[in-house]
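[1] Sequence isn't available, so here's the structure alone:
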């Protein structure tokens, strides 16, 4: 039996689907965060949980499966190869989640992907070639991502408490909720990016001046990156991920924003079928 | 025998001294990084290494010592109390390193402390009252610190590689040295702040446009914080820490910058003598 497993994994969770050669989906599953750079052990656990659920539903075994996994951190070649070698499927290919997201969102067409959830990454597809920029993780990149937005908000709450920037109702409320400076620092110590990203929906929904300032800066950063990728063109822009709808609205003033054709799981399944012998 | 132990511990190393009631120093020692919030186990190890060396030189035993320890992360009350309870000295007081640095640098005088090494913290002393701002750690604060400067430099090297900001010789050289994007990300994964801070001396010595832009922003942030602490006054400003000389030069254009009276170890010893029964 020849079946195909597609997995899309980000900083907050991963999703799996198994399909046959005709593209009919036979099983689906979900798992936890899957960043193979910052937490390789957690990532393999999450991936196998999602795959196992999908296999149970599809009545499939690992030996049946040609698997393509688009995972956060999958751009790190050593980590990707180490994971590939450990997976139980007949064939496994681990790529960055931007690759599967772009394939799902754009198909074979030219266009720009703005994928923003817990992390962020952008890519342009031109003539079948994909060029990725941004991303690079929570510590030194992921501009505009949910995790970076949450961290920026908490940092600003502390700076406002110090009198370094104007205080606002939202910042003051956060200091109270977290237990002041010490509580915020304790929260941050060792917290996974997904914990910071939990603040993003509240930020996006807020009309607090500090929230607007943080979001305006994030939109400007993502907009700059789209401009670099357009390189004078006006390619269609697809926004995916948990913050996709927010950036779609914000970017629509400047660029032709279009809906995604499919998900990262669709892209991974599509790649798996194309890769099969 | 009544002796006094003063310890000053930051993100890169800690220094200890033992003195008698007359202030005569009988022994000194050094140890590794001592941030009790981000690495409590490492901090207690470093502190005991430094204290043990000082005790050996002074011919003192723990039961002789009234100890004051100014440590990075010492503003976190729970962490400070937990460490106090575990230390072997007759009496132990753990405070934030800004407190001992201010006592050493300013004595009892009014003034402003700008302490910038691996981390950063600022404080104003007015009428014997100390008010600390900034700091808050590598993840969400420590503006202008060596670790934040190093991280900002590497992040900018990646953004320049993506075409998001202008590339420069320094940024291009860093990408080569670290092994490209993957090498930079791998370096950052789990690296202690002190590793990032190792880039700071090179940044400060460089006339590369990216280095100047990063340093100009850091000086502006530290300058803003000094302005907030001055609150309309023109108190003397003391700059300490590994980057103290750099900020002293930069701030001297706007403020009366004066040399420190003493070190953080001097401040800790002074507090220990004042605290003794």
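    That came in fine, so what should we check first? Not measured: the values here are computed from a predicted model.
[2] just for the stretch 1-150 of chain A, where's the confidence low?
    Applying pLDDT under 70 to the stretch 1-150 of chain A picks out residues A:1.
[3] can you pull out the helices in chain A?
    Secondary structure of chain A (DSSP state H): helices located at A:40-58, A:77-86, A:97-106, A:146-161, A:169-178, A:180-188, A:193-197, A:200-205, A:209-230, A:244-251, A:264-275.
[4] For those, state which one has the densest average packing.
    By mean neighbour count, with neighbours taken as mean count of other Cβ atoms under 10 Å in any protein chain shown, helix A:97-106 ranks first of the helices of chain A at a mean of 28. All C-beta atoms are positioned from the backbone trio N, CA, C, and that covers glycine.
[5] Of all the helices of chain A, which one is nearest chain B?
    Closest of those to chain B is helix A:146-161, at 4.1 Å (criterion: Cβ to the nearest Cβ).
[6] The closest one vs helix A:209-230, what angle?
    140 degrees (axes from the mean of the first three to the mean of the last three Cα atoms, to 10 degrees).
[7] With chain B in mind, check whether helix A:146-161 reaches it.
    Yes - using Cβ under 8 Å from any Cβ of the partner chain, helix A:146-161 reaches chain B at A:151, A:154-155, A:158-159.
[8] Columns distance to residue B:169 on top of the helices of chain A, output as CSV?
    Listed next are the helices of chain A as CSV, based on distance: least, Cβ to Cβ, whole Å:
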stretch, distance to residue B:169
helix A:40-58, 35
helix A:77-86, 27
helix A:97-106, 29
helix A:146-161, 28
helix A:169-178, 40
helix A:180-188, 35
helix A:193-197, 33
helix A:200-205, 37
helix A:209-230, 21
helix A:244-251, 34
helix A:264-275, 38
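[9] Tell me which of those helices sits nearest to residue A:115.
    helix A:97-106 (4.7 Å; Cβ to Cβ).
[10] Hmm, residue A:110 is touching residue A:235, no?
    Yes - under the criterion of Cβ atoms under 8 Å, residue A:110 makes contact with residue A:235 at 5.4 Å.
[11] So those two - more neighbours on which side?
    residue A:235 (20 against 14; other Cβ atoms under 10 Å in any protein chain shown).
[12] any idea how far residue B:92 is from the more buried one?
    Residue A:235 sits 64 Å away from residue B:92, going by Cβ to Cβ, to the nearest Å.
[13] Is residue A:94 bridged to anything, and to what?
    In this entry, residue A:94 is beta-bridged to residue A:69, by DSSP bridges.
[14] now it: how far from residue A:122?
    According to Cβ to Cβ, residue A:94 stands 20 Å off from residue A:122.
[15] cool, residue A:236 as well?
    Taking Cβ to Cβ as the measure, residue A:236 falls 14 Å from residue A:122.
[16] what is in contact with those two at once?
    residue A:112 (Cβ atoms under 8 Å, 6 or more residues apart in numbering or on different chains).
[17] who's more crowded, these two?
    Shown here are residue A:236 and residue A:122; by other Cβ under 10 Å, residue A:122 has more neighbours (26 against 16).
[18] circling back to that earlier point, now for residue A:110 and residue A:235: what residues contact both?
    residue A:126.
[19] Report the contact partners of the residue of chain A most remote from its centre.
    Most distant residue from the mean C-alpha position of chain A: residue A:163, 34.4 Å away (Cα atoms, centre = their mean). Shown in contact with residue A:163 (Cβ under 8 Å, 6+ apart): B:133, B:228.
[20] Repeat the analysis, applying 10 Å as the threshold.
    B:131, B:133, B:225, B:228-229, B:231 (Cβ atoms under 10 Å, 6 or more residues apart in numbering or on different chains).
[21] Then residue A:81?
    By Cβ under 10 Å, 6+ apart, residue A:81 lies in contact with residue A:94.
[22] returning to what we had before: for residue A:191, state which of the contacts of residue A:163 is nearest.
    Distances from residue A:191 to the contacts of residue A:163, taken by Cβ to Cβ, are shortest for residue B:133, at 23.2 Å.
[23] which residues touch the closest one?
    Residue B:133 makes contact with A:158-159, A:161-164, B:98, B:121-124, B:141, B:225-226, B:228-229, according to Cβ under 10 Å, 6+ apart.
[24] What's the local residue count around residue A:117?
    26.
[25] Isn't it up against residue A:243?
    Yes - applying Cβ atoms under 10 Å, one finds residue A:117 in contact with residue A:243, separated by 6.3 Å.
[26] what residues do those two have in common as contacts?
    Contact criterion Cβ under 10 Å, 6+ apart; residues shared by residue A:117 and residue A:243: A:145-146, A:197, A:200.
[27] any chance of those in CSV, with distance to residue B:56 too?
    Shown next, in CSV, are these (distance: Cβ to Cβ, whole Å):
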residue, distance to residue B:56
A:145, 51
A:146, 52
A:197, 50
A:200, 53
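[28] Alright, calling it a day.
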